[in-house]
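Chemist: Whatever this is, show me its structure:
(one chain, ligands or ions: 1)
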Amino acid sequence: MLRFIMKLFKRTTKSTKTQETTPAPAPKESRLLYDAPKPDQASMVAYYGEPGDESKLTTFDPPYPMFLAWDTDTPVTKIRCHAKIATPLELSLTEIRDVLGLEYIDAHDLDLYGGCYNYRNSRNSTNLSTHAYGAAIDLNPDDNANRTPWHKDKIDHEGYASMPLEVIEIFEKYGFKSGARAWGRDAMHFQFTQ
Ligand SMILES: [Zn+2]
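Modeler: Numbers count the residues shown, from 1 in each chain. Model prediction:
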């Protein structure tokens, strides 16, 4: 119910969209603003420290109202992640708010938070997940599930994930890897690795 009220509120809030046209994308390398480590275990530990070390974590306020994806009446008051990804993550979400706008966030359910730090294995192997380092975030998991295929020409089509390309490109600009782009599935997932 609370989220419904917040959504009504958001609909009456003027969109902060500031950009009407998207310039032609530059080569990906030149758009990376932050350098992420390689995704292998040794590089991850060298960069982040041991997974599960909560002394390495920090929190920040979500730049736009978010709700727990599994309990959509519950607002997310803090995002808890590794200190080394806090700046690029906050900048990514802030750019989503400022460039795409609150109506867009609402329409694509980008306010449904699927978690960040979580000491657990990857869903697809016995290796630890990048979430165990606090180095990944999930957004709108219900429409972008781990096994749901994502294809850039079939976004939000029947049977396909909904994560918009422009959201993926914002995360990529700040150095994140998108599950959608990397694996064609797990489109909820953005991790701060190469
Ligand atoms: Zn994830």
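Chemist: elements contacting the one helix or strand residue 86 maps to?
Modeler: Assigned by DSSP states H and E, residue 86 belongs to helix 83-95. In this structure, helix 83-95 packs against strand 57-60, strand 79-82, helix 165-173, with contacts taken as 3 or more C-beta pairs under 8 Å, 6 or more residues apart in numbering; DSSP states H and E. Just so you know, the C-beta spots here come from the backbone N, C-alpha and C atoms, and that holds for glycine as well.
Chemist: can you state the direction angle for it and helix 165-173?
Modeler: If you take axes from the mean of the first three to the mean of the last three C-alpha atoms, to 10 degrees, helix 83-95 sits at 150 degrees to helix 165-173.
Chemist: quick check, helix 83-95 touching the ion?
Modeler: No: applying C-beta under 5 Å from the ion, one finds helix 83-95 out of contact with the ion, separated by at least 12.8 Å.
Chemist: For that helix, what is the distance to the chain centroid?
Modeler: 10 Å (C-alpha atoms, centre = their mean, to the nearest Å).
Chemist: and it, average pLDDT?
Modeler: On average, the pLDDT along helix 83-95 is 98.
Chemist: What of stretch 32-42?
Modeler: Mean predicted confidence for stretch 32-42 is 92.
Chemist: Pull out the buried residues from it.
Modeler: 32, 34, 36-37 (16 or more other C-beta atoms under 10 Å).
Chemist: for that stretch, how far is the first residue from the last?
Modeler: One end of stretch 32-42 sits 23 Å from the other (C-alpha to C-alpha, to the nearest Å).
Chemist: returning to that earlier point: deepest of the helices and strands packed on helix 83-95, which one?
Modeler: For those, the largest average neighbour count (mean count of other C-beta atoms under 10 Å) is found in strand 79-82, namely a mean of 22.
Chemist: Describe which strands it pairs with in its sheet and in which direction.
Modeler: Note on strand 79-82: by DSSP bridges, its sheet partners are strand 57-60 (antiparallel).
Chemist: okay, the strand it pairs with in PDB with CA atoms only?
Modeler: Below are the C-alpha coordinates for strand 57-60, written out as PDB (Å, rounded to 0.1, in the frame of the first residue of the first chain):
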ATOM      1  CA  LEU A  57      31.100  -2.300   3.600                       C
ATOM      2  CA  THR A  58      29.500   1.100   3.700                       C
ATOM      3  CA  THR A  59      26.000   2.500   3.200                       C
ATOM      4  CA  PHE A  60      24.400   5.300   1.300                       C
END
